[in-house]
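[1] Give me a 3D structure for the following:
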Amino acid sequence: MPDYIPDTDAEFRAWLKNFLDYANANLAALGLVAADTAPLGTAATTFNTAMDNNIAAQAAAKAAVESKETSRAAAEVLVRALAQRIQADGTVLDAQRHSLGLNVRATTRTPVAVPATRPVATIDTSQRLQHTISFGDEETPGTRKKPDGVTGCEIWFKLGTPPSDPSELTYLATDTKTPYTAVFDGADAGKVAHYMLRWVNRRGERGPWSQTVSATITA
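    Below you'll find the predicted structure:
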């Protein structure tokens, strides 16, 4: 059976007022005297005062938050304008920028590293005359993350016998995002495609070859 006393404070206040008003108006019929309801009347008055104070405090807190957000936004606009002037001034030293808590621009670029890890590939053969090649890095298997500085993955392949050397491979594509779908002609159905992959960075430098991954072209 649900509780007859309401859950919310506003509903409880209204319910309690009705209870007291009716009880005090019908004391004899309810088998009560004024001394019975007096403590409850005092408690109700205390509760009502506390509830009103709480509502006022919540409103004040909301206003304080809004005031804080507005004043911060105004301060940010002013400080960003000053910071931009300082950053654009060629006579200001980096040490002074650092003391102000500003970003100090790098004067040299970090060189892009040559890829040192290998791609790991899996082949989905569920579609006719298609191989869907998913690839990731050997150091972060199961994710799509490429090594730092890498822009894409070179995909090379050979039909027929497995390659004994990368020189036997034919370039297929450089894909910037896994997976890559290779589409074959009907004449290739039943043949085995062998793939080798390697990372390439934005300077065109290539990393080591992956292990050979092979799959039959579905008819």
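
[2] Which of the three states applies to the most far-flung residue of the chain relative to its centre?
    Distance to the chain centre peaks in the chain at Ala28, reaching 66.7 Å (criterion: C-alpha atoms, centre = their mean). When classified by DSSP: H, G, I helix; E, B strand; the rest coil, Ala28 comes out as coil.

[3] residues contacting it?
    By C-beta atoms under 8 Å, 6 or more residues apart in numbering, Ala28 lies in contact with nothing. C-beta: built from backbone N, CA, C; applies to glycine.

[4] show me where this protein has strands.
    Assigned by DSSP state E, the chain shows strands spanning 119-124, 130-137, 150-159, 170-175, 180-183, 192-201, 213-216.

[5] Mind checking those for the one nearest to Val33?
    Closest approach to Val33 among these is made by strand 130-137 (82.4 Å; C-beta to C-beta).

[6] May I see the domains of the chain written out as residue ranges?
    9-84, 119-216 (automatic domain parsing).

[7] which of the ones you listed sits most buried?
    domain 119-216 (a mean of 15; mean count of other C-beta atoms under 10 Å).

[8] Could you tell me the end-to-end distance of it?
    21 Å (C-alpha to C-alpha, to the nearest Å).

[9] With stretch 117-131 instead?
    Calculated as C-alpha to C-alpha, the first-to-last residue distance of stretch 117-131 is 24 Å.
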